[in-house]
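A.B. asks: Sequence first, then the predicted structure:
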Amino acid sequence: MKTVFTSKLEPFLNTVAEQMELYVPKKVGDHFAYTKHDPAAHIEAEFNNIRTCTPVKEFLFPFRELAAVFPKSVETEKVEPFAVFGLKECDLRSIEILDKVFREEDFKDPSYIERREKMFIIASDCFDPGESCFCNAFDAKAYPTAGFDLNVSKVTGGFVIEAGSDKGREFIEKHSQLFTEVPEAAMAEREQIRAGTQQQLETNNAELGFDASVKQAVLNGEESDVFDVEAKRCIECQACTRICPTCHCFYLYDTTREDYFAKMKMWDSCMRMAYAEVAGGANPNRLIAERLKHRLMHKFVHFLDRYGMDMCVGCGRCVDADAGGIDIRQMLRTLNEELKDKKKAKAAK
Amino acid sequence: MNENPYQPLNAEIVDIIDESPTIKSFVVVPETPFKFETGQFVELTLPGEGEAPFTPSSSPSETDRMEITIMKAGRVTALLHDCTTGQKVGIRGPFGTGYPVDEFAGKEVYIVGGGVGLAPIRSLFLTLVDRIKDFKSVVCRYGARTPEDFIYKKALFGAWQKIDGVDIELTVDNADGKWQGRKGVVTTILEPADVDIKNAVAVVCGPPIMMKFATFKLLEIGFGPEKIYLSMEKNMSCGIGKCGHCMIGKFYVCKDGPVFTYEQIKGYSKIWD
């Protein structure tokens, strides 16, 4: 582990920006969103307390992209190295999930892999968790634990920067003039802040009441009416899946360019009515309630069965974005209560 | 394996055969030889328009040309039906898991098909017939709405019936005056005496409703759920287990299927919808 200190973020971020495009969080209304960092503009980069409102998947799996051209090959745009600052633990976990699908399966997605390899990840610790943050329910920490090149922690008088990969270590070594040794007190303070934030998360979510049995609760909900109840609020805006950092459904469509044909890849949503429809018209998920159930089953049962991890990082983006007011925490809580009631009833027999 | 799984292989339609009022077979010649296993599927692209999943109906032993039988059912299939020979197309694949033909060796293969479901079955049938001595017998029960709706009529009514070790029986829902064969949906002609169930496997392919009732009938006459092979139809788009549209529980039909045993998927809801 290599850990250094800097009193100011700007020289460090500007150095990154000299080498590659750098995206930094910028406060827009109540939320943070990524914007391209321009050292010449002399606008200080903000240190986001929590994840941005938009998902990190946008950098790796763009909303719409070219998947193939034919019948002949044409010169396509190359992906240049880029960096993103301000990714949180939930973001890093979402990348881990996307990696499982696009990078580690026997069929690999070439464009995802190219972007992933060219991405320089500068993560940072959380502080002052948001109302919708519930990552601790999935055993996440309030600070990055793995999957970053560099991580930045804010302490009194400056920032502790830790390398988490060879790429990160090389950066620190190459630009040693930017950094000093970490003051002893800074490390202690970092741990203290981390523990405090973690405690805050636990307190905020104390009443969530669902635990490691999320899968059992969702499986038990096969006949639950929670899906019918929540479906009444759903306005089919699909925001929940678009904003979700782990949702990765897409569809392929064909289009004609000047002198070639293109196959395009574009985000899709399992909340869209025709999502699972086949040409003959059959559709297992015609009703909104069926689609809601499918979404939860995929996240907490099927993905877990297939890849050994939940397909939710507890970032709460869907809670913030849902135009109809559907709250995934509330659904899981209801399902968990139903499971508890069932167990109680069984025990009483 | 192709480096970019979304990249189609250039191909051309060289012949089109009218099979029934709503079904045509397309003979497609790929730019380079194309290998597949019977039961696997391909994504056929009509350039600039779209692509759709089909299981080739030709034998895998032919790699320089492939036959794909297509029912006019949606937007892409309607456009394909309007194509003429010489049309350039693209092929992606082959995708998924086909029929475990080697595991059928020494057994009776009981094939139950309906409508355009005969397309994948034709490929399997030709594969089995190529090495017919490896199997105890191949027993086929096919159904169609009317006599006119049978596909591969010439072979079905003629050459295939004469192959040693093959037993074919046909039925129609609605017969005309000339029809000499059985009447009724295909499930009504499945009999326990058709095969030695203890030493047989069943293969079912057809419209979802037919697959559902055929599966139940097979269970009823004594087939174990692990002996019933189903070729599932879902909305397969990417073909590589990522895009999500074709999920049955934890399975991606495009990657883990399209051929499943009933045992594998019976625990999930809505498999026939």
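C.D. replies: Yes, it's here. Since we're looking at a predicted model, the values are computed, not measured.
A.B. asks: From here on, just use CA atoms for contacts and neighbour counts.
C.D. replies: OK.
A.B. asks: Which parts of the chain belong to which domain?
C.D. replies: No chain was given, so I picked chain A. What automatic domain parsing lists as the domains of chain A is A:2-208, A:214-348.
A.B. asks: You answered for a different chain; I wanted chain B.
C.D. replies: B:9-95, B:101-231.
A.B. asks: Now mean pLDDT and mean neighbour count too, for those, in JSON lines please.
C.D. replies: Below are those laid out as JSON lines (pLDDT from 0 to 100; neighbours: other C-alpha atoms under 10 Å in any protein chain shown):
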{"stretch": "domain B:9-95", "mean pLDDT": "96", "mean neighbour count": "20"}
{"stretch": "domain B:101-231", "mean pLDDT": "94", "mean neighbour count": "19"}
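A.B. asks: if we can go back for a sec, please identify which of the domains of chain A is closest to chain B.
C.D. replies: Among those, the nearest to chain B by C-alpha to the nearest C-alpha is domain A:214-348 (4.1 Å).
A.B. asks: about what we covered before: want to try TSV for the domains of chain A, with mean pLDDT as columns?
C.D. replies: Listed next are those as TSV, based on pLDDT from 0 to 100:
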stretch	mean pLDDT
domain A:2-208	94
domain A:214-348	92
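A.B. asks: JSON lines for those, including mean neighbour count?
C.D. replies: Listed next are those as JSON lines, based on neighbours: other C-alpha atoms under 10 Å in any protein chain shown:
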{"stretch": "domain A:2-208", "mean neighbour count": "18"}
{"stretch": "domain A:214-348", "mean neighbour count": "19"}
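A.B. asks: and of these, who's closest to residue B:31?
C.D. replies: domain A:2-208 (10.5 Å; C-alpha to C-alpha).
A.B. asks: Enumerate the residues of chain A near chain B.
C.D. replies: A:67-71, A:101-102, A:107-110, A:248-256, A:261-263, A:270, A:275-280, A:282-284, A:298, A:301-303, A:305-306 (C-alpha under 8 Å from any C-alpha of the partner chain).
A.B. asks: so which of the domains of chain B gets nearest chain A?
C.D. replies: domain B:9-95 (4.1 Å).
A.B. asks: Where do the strands of the stretch 151-300 of chain A begin and end?
C.D. replies: A:158-163, A:250-256, A:261-267 (DSSP state E, counting those that start in this stretch).
A.B. asks: hang on, the earlier thing: so which of the domains of chain A comes closest to residue B:69?
C.D. replies: domain A:214-348 (14.8 Å).
A.B. asks: Any idea how far apart the tips of the closest one sit?
C.D. replies: 23 Å (C-alpha to C-alpha, to the nearest Å).
A.B. asks: which SSE is the residue nearest to residue B:72 when sequence neighbours are not counted in?
C.D. replies: Setting aside the residues directly before and after it, residue B:72 is nearest to residue B:78 in space (C-alpha to C-alpha, 6 or more residues apart in numbering or on different chains), at 5.2 Å. Following DSSP states H and E, one finds residue B:78 within helix B:75-81.
A.B. asks: Name the residues of the stretch 151-273 of chain B found near chain A, please.
C.D. replies: B:233-235, B:237-238, B:240, B:242-246, B:249-250, B:270-271, B:273.
A.B. asks: picking up where we left off before, packing partners for the helix holding residue B:78?
C.D. replies: strand B:50-54 (3 or more C-alpha pairs under 8 Å, 6 or more residues apart in numbering or on different chains; DSSP states H and E).
A.B. asks: residues in contact with the strand it packs on?
C.D. replies: In this structure, residues lying in contact with strand B:50-54 by C-alpha atoms under 8 Å, 6 or more residues apart in numbering or on different chains are A:253-255, B:41-45, B:68-70, B:76-77, B:236-237.
A.B. asks: give me every residue that touches the closest residue to residue A:32 other than its chain neighbours.
C.D. replies: The shortest distance from residue A:32 to any non-neighbouring residue, by C-alpha to C-alpha, 6+ apart, is to residue A:52 (4.5 Å). Each residue near residue A:52 by C-alpha under 8 Å, 6+ apart is listed here: A:25, A:31, A:32, A:33, A:34.
A.B. asks: Write the ChimeraX selection for whichever of the residues of the stretch 151-273 of chain B next to chain A are buried.
C.D. replies: Buried residues within these, by 16 or more other C-alpha atoms under 10 Å in any protein chain shown, are selected in ChimeraX with:
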select /B:233,234,235,237,238,240,242,243,244,245,246,249,250,271,273
